[in-house]
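A.B. asks: Everything below, folded, please.
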Amino acid sequence: MKDDVGGSGGEPADLSRRRLLAGLGGLGAIGAASGAGTFAYLSDEEMLPNNAIGAGEVELDVSCSGDGDCIVSNGIVNFTPDGPIDRGDSGDVTFEVSVRTNPARLWFATECPPIPDHLGDALEVDLTIDGKVFSGSFSELRREFVKGHRIDDSCLDPSDSIDVELAWELPDDAPAAVAGQTTGFEFHLYTEQCRHVSEDDAVNPFSGSGSCDEPPECAICDEDDEDVYRFLEFKYLGSEAASIVARTQGKGTNGETAFHQEENVDPGETFVADGANVSGNSGALGANLYLDDGSDGQPQGSQGSGSGRPAGVKVHTSCSVDLFVGQEFDIDGTARYRLVGGEIFGKGPICGSEDLQ
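C.D. replies: I've put the predicted structure just below:
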């Protein structure tokens, strides 16, 4: 399904739900509403006076409400949700956009997302503009919307306003590696007075923006490139809750903990062995990783002291053996862990088994 909104030159432009959503949802997107807005926290309303990058003077008002901080800095409208975003969290914010003095056209756009953008890939967002609802994930939509689009039907009158409602959610089944991160929702506004520029002469100011680079679909660990894993995410396949410890060995580590939590890991729950938890190794996992849930039959050894290796199931993380999404690790022939995700430093997410054929 596609909805029409005004495009450059005043002609309707067909926008998929994804393309329009990207304009208002930006993970780290930057931009500025045309004009000389001052830097201020928005409590109820902020006016950007003498918005005159477009032809003629236009005063642009932006007010917002939601759980978090709303800021205008030189026209950049930014909303930051309260606290880190964890799996199962959701929220919403409403922006009310209006103009003063003269009828005006209104465009918005975002910049390309970073590569990789795991949180952006996982976040699900609904955007409502004057009753039109657009849905999709976050990062791919920003990528499609870098060239901007108009959000007024045919010049916004000073007596009217446009409501922009942004609702977001990080699903319960999102990758554990993205949980606990923070982000901000930003958008870039541009206004142009209608009285001195006809619809035939109106031009989308963002139409010349370049296209975004597409993220790599997956990456393969290469010893010759001295690749290292940033993190690996596993699903616990045991039948009972267990206290799981993931320890590293080699490449500057010896028994250091990459994952451990006070609460037990439940069957079917995922956990992340993160190189950021390993000191002295530049945020990377070592040459090997050992997953230990205390089950009978696991190889026994030291807990990282001396020269012995840690206890648990061994996972090669030196690039000498291919690791792939879907790979399982067993104890005495019974699958105990399944690899469900991961990332190689500087290259992106690891591949699935089908990508290695």
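
A.B. asks: Go ahead and flag the most central residue of the protein.
C.D. replies: residue 120 (1.8 Å; CA atoms, centre = their mean).

A.B. asks: In what element of secondary structure is that residue found?
C.D. replies: Residue 120 is part of helix 118-122 when elements are defined by DSSP states H and E.

A.B. asks: Rounded mean pLDDT for that helix, please.
C.D. replies: Throughout helix 118-122, pLDDT has a mean value of 83.

A.B. asks: buried stuff in it?
C.D. replies: With burial defined by 16 or more other CB atoms under 10 Å, the residues of helix 118-122 counted as buried are 118-122. C-beta: built from backbone N, CA, C; applies to glycine.

A.B. asks: Wait, a helix at residue 64?
C.D. replies: No - Residue 64 is assigned strand when assessed by DSSP: H, G, I helix; E, B strand; the rest coil, not a helix.

A.B. asks: which residues touch it?
C.D. replies: Applying CB atoms under 8 Å, 6 or more residues apart in numbering, we find residue 64 in contact with 42, 70, 77, 79, 93-96.

A.B. asks: How about residue 295?
C.D. replies: Taking CB under 8 Å, 6+ apart, we find residue 295 in contact with 238, 242, 331, 336.

A.B. asks: which of those has the weakest pLDDT?
C.D. replies: Looking at those by pLDDT, the weakest one is residue 331, with 82.

A.B. asks: how far away is residue 210 from residue 76?
C.D. replies: Between residue 210 and residue 76 the computed distance is 20 Å (CB to CB, to the nearest Å).

A.B. asks: Walk me through the domains of the chain.
C.D. replies: For the chain, the structural domains run 2-201, 223-356, going by automatic domain parsing.

A.B. asks: Could you name the stretch from those domains that's closest to residue 214?
C.D. replies: Taking CB to CB, domain 2-201 is the member of the domains of the chain nearest to residue 214, at 7.6 Å.

A.B. asks: ok now the closest one, how far from the chain's centre?
C.D. replies: When distances are taken as CA atoms, centre = their mean, to the nearest Å, domain 2-201 is centred 16 Å away from the chain's centroid.

A.B. asks: Stretch 328-347 too?
C.D. replies: The chain centre lies 24 Å from the centre of stretch 328-347; the measure is CA atoms, centre = their mean.

A.B. asks: Give me the buried entries from the contacts of residue 295.
C.D. replies: Buried members of the contacts of residue 295, counted by 16+ other CB under 10 Å: 238, 242, 331, 336.

A.B. asks: Tell me which two in these are the farthest apart.
C.D. replies: The largest separation in the buried ones among the contacts of residue 295, counting by CB to CB, is between 242 and 331 at 11.8 Å.

A.B. asks: okay, the contacts of residue 295 in CSV with secondary structure and distance to residue 126 next?
C.D. replies: Formatted as CSV, the contacts of residue 295 follow (DSSP: H, G, I helix; E, B strand; the rest coil; distance: CB to CB, whole Å):
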residue, secondary structure, distance to residue 126
238, coil, 37
242, strand, 38
331, strand, 43
336, strand, 39
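
A.B. asks: So which of the residues you listed is the closest to residue 84?
C.D. replies: In terms of CB to CB, no member of the contacts of residue 295 lies closer to residue 84 than residue 242, at 26.0 Å.
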